[in-house]
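**Q** sharing a model prediction with you, sequence too.
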Amino acid sequence: MTTDQFTFTVTKTDGAARTGEIRMPRGVIRTPAFMPVGTAATVKAMYPDQVKALGADVVLGNTYHLMLRPSAERVARLGGLHKFMNWPYPILTDSGGFQVMSLSALRKIDESGVTFQSHIDGSTHVMTPERSIEIQGLLGSDIQMQLDECVKLPCTEAVAEKAMRLSLRWAERCRVAFGEQPGRAMFGIVQGGEVERLRIESAKELANLDLKGYAIGGLAVGEPQDVMLRMIETVEPYMPNTKPRYLMGVGTPDDIVESVRRGVDMFDCVMPTRAGRHGLVFTRFGRMNLRNARFAEDTRPLDAESKCAASNTYSRAYLHHLVRSNEILGMMLLTWNNLAYYQELMAGLRKAIAEGRLEDHIGEVKEGWAKGEH
Ligand SMILES: CNc1nc2cc3c(=O)[nH]c(N)nc3c(CC[C@H]3O[C@@H](OC)[C@H](OC)[C@@H]3OC)c2[nH]1
């Protein structure tokens, strides 16, 4: 009997929300989970053991960036991404489709795949579903995303339909190319723009492929939050409830809370890391921009009750100075604080669902944000 080495178990539900565990050889992912973005084989401004200590069970790598530099083949020759970046735990990699559309000089997209020019040196590359899965395999990725076409919103129904159907055909090709990789998974990505019937068809067709997990793609691309939430509500009933649901690119703390409420299990977003590098901090009192002069002589730490040294030790005045001086330590401390807060938010949501008190907990969390400064 072959024991499946990649499993997902829902442990508790509270309304549409669930807690769960994704178990694989490299470790366990506790859901709902926030996955720090480590695009170029590093979670920017953080040491790997610091990211782990905050409670992150999995980090993200990116096919587009790593195929261009240092190349997937070189990472494989060096022992794979886990060894390369000293992160022995689970890694999820995106297929690269999104970055091709958003970062590169897109040359062509057709049935075979996408042809693009590197934003680094202008060299031409062809990314097919098969090549994307090959690259993710070379990296040693534990959770590999299908190659898809993520349309920019708003777009016409015809454009959304064409991209959704292409993505479905690419999902099938990725499934074949992925083959059997024990202990690893390939996730499908639901597309369909803002068109409910397309979203439902995409979710149903992907469910028929019996994949190990499913992402909701094509969102967090500038649409209002209510549109994003409506799309989640539309597809959730058609996404197998025994498989993890991953909402790509999301989001702010409020986006995450509202999406957990609607049955989403996994999240990724550059918000906490990128914002941290620019002086924007997330706390249980809401967000603060430490560039603001009002912090120039504020001797309080960001959050005296936080377990994180970046949050409970350094004065806002000092952090304000570091940000204004564009000091590296400022980026380090604010990134650290933000990731600590995001992990604390996820741990609180997991605990509240386990105790069947998610709605009360969400009320308390939002009250803290609204109250702002104490
Ligand atoms: C911000 N809003 C947002 N909406 C998105 C929608 C999609 C989508 O439909 N398909 C695919 N394939 N990717 C998407 C992505 C990129 C996530 C990656 O982007 C990278 O973060 C910058 C990171 O790579 C380490 C992450 O890896 C999974 C989205 N990002």
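**A** Noted; the coordinates are in hand. Numbers count the residues shown, from 1 in each chain.

**Q** buried residues of the longest helix belonging to the chain, list them for me.
**A** For the chain, the longest helix by residue count, based on DSSP state H, is helix 328-354. Of the residues in helix 328-354, 330-346, 348-350, 352-353 count as buried by neighbour count, 16 or more other CB atoms under 10 Å. Any C-beta I mention is one placed from the backbone N, CA and C, and that applies to glycine too.

**Q** which SS class is the residue of the chain most remote from its centre?
**A** Computed with CA atoms, centre = their mean, the residue of the chain farthest from its C-alpha average is residue 297, at 35.8 Å. For residue 297, the assignment made with DSSP: H, G, I helix; E, B strand; the rest coil gives coil.

**Q** wait, it sits on residue 321?
**A** No: using CB atoms under 8 Å, residue 297 is not in contact with residue 321; the gap is 10.3 Å.

**Q** got the residues of the stretch 201-350 of the chain near the ligand?
**A** Within the stretch 201-350 of the chain, the positions lying close to the ligand (CB under 6 Å from any ligand atom) are 217, 218, 219, 220, 221, 248, 249, 268, 270.

**Q** do that again at 5 Å, thanks
**A** With the criterion set to CB under 5 Å from any ligand atom, the stretch 201-350 of the chain comes near the ligand through 217, 218, 220, 248, 249, 270.

**Q** and the residues you listed, which two are furthest apart?
**A** Using CB to CB, those reach their maximum pairwise distance at 218 and 270, which is 17.4 Å.

**Q** please identify which of the two sits among more neighbours.
**A** residue 218 (32 against 15; other CB atoms under 10 Å).

**Q** which residues touch the more buried one?
**A** By CB atoms under 8 Å, 6 or more residues apart in numbering, residue 218 lies in contact with 150, 151, 153, 189, 190, 191, 192, 193.

**Q** nearest to residue 65, of the residues of the stretch 201-350 of the chain next to the ligand?
**A** Distances from residue 65 to those, taken by CB to CB, are shortest for residue 270, at 12.4 Å.

**Q** from what I can see the closest one touches residue 35, true?
**A** No: the pair residue 270 / residue 35 is not scored as a contact, 11.1 Å apart, by CB under 8 Å.

**Q** pLDDT on the longest helix of the chain, on average?
**A** For helix 328-354, mean pLDDT is 98.

**Q** again with stretch 83-91
**A** 98.

**Q** so what touches that stretch?
**A** Contacts for stretch 83-91 (CB under 8 Å, 6+ apart): 22, 24, 26-27, 29, 38, 41-42, 48, 51-52, 57-61, 75, 78, 81-82, 139-143.

**Q** what residue, apart from its backbone neighbours, is nearest the residue nearest the centre of the chain spatially?
**A** Note on the chain: the residue nearest the mean C-alpha position is residue 268, at 1.6 Å, using CA atoms, centre = their mean. Setting aside the residues directly before and after it, residue 268 is nearest to residue 35 in space (CB to CB, 6 or more residues apart in numbering), at 4.5 Å.

**Q** then residue 322?
**A** residue 330 (3.1 Å).

**Q** that neighbour against residue 316, yeah?
**A** No: using CB under 8 Å as the test, residue 330 is too far from residue 316 to be in contact (11.7 Å).

**Q** give me the common contacts of those two.
**A** Joint contacts of residue 330 and residue 316 (CB under 8 Å, 6+ apart) are residue 290.

**Q** show me where the chain dips below the pLDDT cut-off.
**A** 1-2, 373-374 (pLDDT under 70).

**Q** if we go to 90?
**A** Counting by pLDDT under 90, the ranges of the chain that qualify are 1-4, 97, 99-107, 119, 152-154, 372-374.

**Q** could you check how far residue 340 is from residue 310?
**A** 7 Å (CB to CB, to the nearest Å).

**Q** repeat that for residue 167.
**A** For residue 167 relative to residue 310 (CB to CB), the value is 40 Å.

**Q** coming back round to it: measure how far the longest helix of the chain is from the centre of its chain, please.
**A** Distance of helix 328-354 from the chain centroid (CA atoms, centre = their mean, to the nearest Å) equals 14 Å.

**Q** before we move on, what about stretch 228-238?
**A** With CA atoms, centre = their mean as the basis, the mean position of stretch 228-238 lies at 18 Å from the chain mean.

**Q** next: stretch 230-249.
**A** For stretch 230-249, the distance to the chain centre is 14 Å (CA atoms, centre = their mean).

**Q** repeat for stretch 319-334
**A** Counting by CA atoms, centre = their mean, stretch 319-334 comes out at 25 Å from the chain centroid.

**Q** residue 315: neighbour count?
**A** Residue 315 has 15 nearby residues by other CB under 10 Å.

**Q** and the residue lying closest to residue 172 once chain neighbours are set aside, how close does it get to residue 221?
**A** Leaving aside its chain neighbours, residue 172 sits nearest to residue 209 (6.7 Å; criterion: CB to CB, 6+ apart). With distances taken as CB to CB, residue 209 is found 24 Å from residue 221.

**Q** out of the two, which sits in the busier spot?
**A** residue 221 (19 against 15).

**Q** contacting residues around the residue farthest from the centre of the chain?
**A** residue 317 are the contacts of residue 297 under CB under 8 Å, 6+ apart.

**Q** now the closest residue to residue 264 other than its chain neighbours. Its backbone dihedrals?
**A** Distance criterion CB to CB, 6+ apart; nearest residue to residue 264, sequence neighbours excluded, is residue 247 at 4.6 Å. Recorded main-chain torsions at residue 247 are phi -100, psi 110, according to degrees, to the nearest 10.
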